[in-house]
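A.B. asks: what's the 3D shape of this:
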Amino acid sequence: MRTYKKIGELLVEQGIINEDTAIRTVAEQKVSYRKFGDLLVENNMASEHDIARALSEQYSVKYVDVNTISVMPEAVISVPEDLARKHHILPVSIKNKILTVVISDPLNIDAIKEIEFHISMKVQPFIGAKGAILEAIKHHYRFDASIEPITDISANAAALPDIEPDIVKDEISAPIIKLVNLLISEAVESRASDIHIEPSREYVTVRFRIDGVLIERTRLHPWLHSPIVSRIKILARLNIAERRLPQDGGFRIRSGGKDIDARVSTIPVSGGEKVVIRILDQSHTEVNLENLGLSEQDFIRMESLIARKKGIILVTGPTGSGKTTTLYAIINRIKSSMTNIVTVEDPIEYNIAGINQVQVRSGIGLTFAKCLRSILRQDPDVILVGEIRDEETAEIAFRAAMTGHLVFSTLHTNDATSTITRLIDIGIPPYIIASTVVGIIAQRLVRQLCPSCKKKDAGAYSPNGCYMCSRTGFYGRTGIYEIFTITPEIKELIVSEKPEETIKAAAKKLSKGTLSDDAFSKVRQGITTREEIYRVIETDIF
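C.D. replies: Sure, this is the predicted structure:
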């Protein structure tokens, strides 16, 4: 006969807590009338997974980690979201008229009976961690269950001719509008920067770029492609009849209490039109230096650089390395009512209060160079040039710096020292570079390990995967930096036109940290992984 053991005894046997903790928690339980496991979790004495495993042993009910199981859409649809949330139940699968669920409380018989009554089939419960179940419910119900009734229209509508949404029957166009809204709101909730809608003969693939990496979110019936694209074109004020040429547009929406700017780009591909929607969250305009991921030493260097009154400060790195975010953080730091700050951007990604921002329009002749010439007559103190792309823009920017202005701009180079070579290639004389450039900031973005599920093995952290991080093991990104201050020694090397490697070696002697140094420091701190570093930068360190 099996001996019944209390959860506290099981946790003590497993080494999760000691006997003193169990006794104190029991005493607290008698006063608060709360569950033993909840008190341990609240006091950081045990995790929800520890409690779930102990309950599994106590009641002989199988424990499962909901982060590692596959969930069938038909199971999710069978149970209303309000019931799933009310009882902390995740529907997993249906087989032989038995619904398998994961529940946090195996003693909640009323919950199981209510679900059985609602779906008219038997329920087979497993035990899981409450927090993980709630995250899984949020993940599956916010999109998968909502999209199923919409995609059902394809079965009846596939025979219809290829027509635009403005003349589609109401019963078809309304679900398409809802589907597009769902895609956008899901992307915003998932922290996606882009939505990719890619057509093929078999299906339409929807992918989200989350933390810089594309992740497939869903596949839709191919019939849905044309009305989805047309709906997006209507929102972005594009020509819905033009399918042969690329188009660009945009629109603004409010999602999850946030103002979102969406930029739309369409391009004809073999299967139809591919659409990419860039999502710009206006709440991110208040980014500051403290949130960039700068080390203490780099933070001091950065503050020293941006305190200058004149000269050029360049931020370098490939597309998508966070250069614009860094520039906005700097502008937010130095802006004041006593400073006239003007930016020239293409495009303006975020609107910053108190800053004069100019949008480049090359189609009508309003280029970077032309904007800069006009700005110099506007009595600026600080000028931000979105990117130095050609010799003309570079010359005007350097002229502005030489006449007493503080200029910020970006370049596409691999590291800080190669920026000097790039400027010489553009046509800027070495002596002007040496006298005008005060600092160069090279950077990349790396994914951060998810704080909810990262695991430590042999002293190193690695990704695991949960619903909070979309099972990627990573949540959010941080910057890695190389801040290169132009010292008198470096100036002499530039004027002497010494090779890039000589300048790099001199910078290393002056104890200037490289991108690799900062990257592997973040690996040692458990912020990211070696594999992620190798994905983002070229390094000789193994």
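A.B. asks: So what would you say the end-to-end distance of stretch 364-372 is?
C.D. replies: 16 Å (Cα to Cα, to the nearest Å).
A.B. asks: Setting the sequence-adjacent residues aside, check what's closest to the residue nearest the centre of the chain.
C.D. replies: For the chain, D211 is the residue whose C-alpha lies nearest the centre (Cα atoms, centre = their mean; 3.6 Å). Nearest non-adjacent residue to D211, counting by Cβ to Cβ, 6 or more residues apart in numbering: R447, 4.7 Å away. No exception for glycine: its C-beta is placed from N, CA and C like everyone else's.
A.B. asks: Quickly list what the one you found is bridged to.
C.D. replies: Taking DSSP bridges, one obtains R477 as the residues bridged to R447.
A.B. asks: quick one, what contacts it?
C.D. replies: By Cβ atoms under 8 Å, 6 or more residues apart in numbering, the residues touching R447 are 211-213, 472, 474-477, 528, 532.
A.B. asks: what does the average pLDDT come to for the helix or strand hosting R333?
C.D. replies: Assigned by DSSP states H and E, R333 belongs to helix 323-334. The pLDDT scores in helix 323-334 average 92.
A.B. asks: A416 and E482 touch, don't they?
C.D. replies: Yes - if you go by Cβ atoms under 8 Å, A416 and E482 touch, sitting 5.0 Å apart.
A.B. asks: between those two, which one's more packed in?
C.D. replies: Neighbour count, other Cβ atoms under 10 Å: between A416 and E482, A416 has more, with 28 against 25.
A.B. asks: Please name the bridge partners of the residue nearest to that one when sequence neighbours are not counted.
C.D. replies: Residue nearest to A416 in three dimensions, not counting chain neighbours: F484, with 3.6 Å by Cβ to Cβ, 6+ apart. For F484, the beta-bridge partners under DSSP bridges are I440.
A.B. asks: What of R254?
C.D. replies: Judged by DSSP bridges, the bridge partners of R254 are D259.
A.B. asks: How much space separates it from A52?
C.D. replies: Look at R254 and A52: by Cβ to Cβ, to the nearest Å, they are 38 Å apart.
A.B. asks: Please say which of those two ends up with more neighbours.
C.D. replies: Per other Cβ under 10 Å, whichever of R254 and A52 has more neighbours is A52, with 28 against 10.
A.B. asks: residue contacts, G473?
C.D. replies: G473 makes contact with 449-450, 453-454, 462-465, according to Cβ under 8 Å, 6+ apart.
A.B. asks: Show me which of these is closest to K97.
C.D. replies: Among these, G465 lies closest to K97 (Cβ to Cβ), at 31.5 Å.
A.B. asks: Just say helix, strand or coil for the nearest residue to that closest one once chain neighbours are set aside.
C.D. replies: Using Cβ to Cβ, 6+ apart and skipping the chain neighbours, the partner closest in space to G465 is R471 (4.1 Å). Classification of R471 by DSSP: H, G, I helix; E, B strand; the rest coil places it in coil.
A.B. asks: wait, doesn't R471 sit right on S452?
C.D. replies: No - R471 sits out of contact with S452 when judged by Cβ under 8 Å, with a separation of 11.5 Å.
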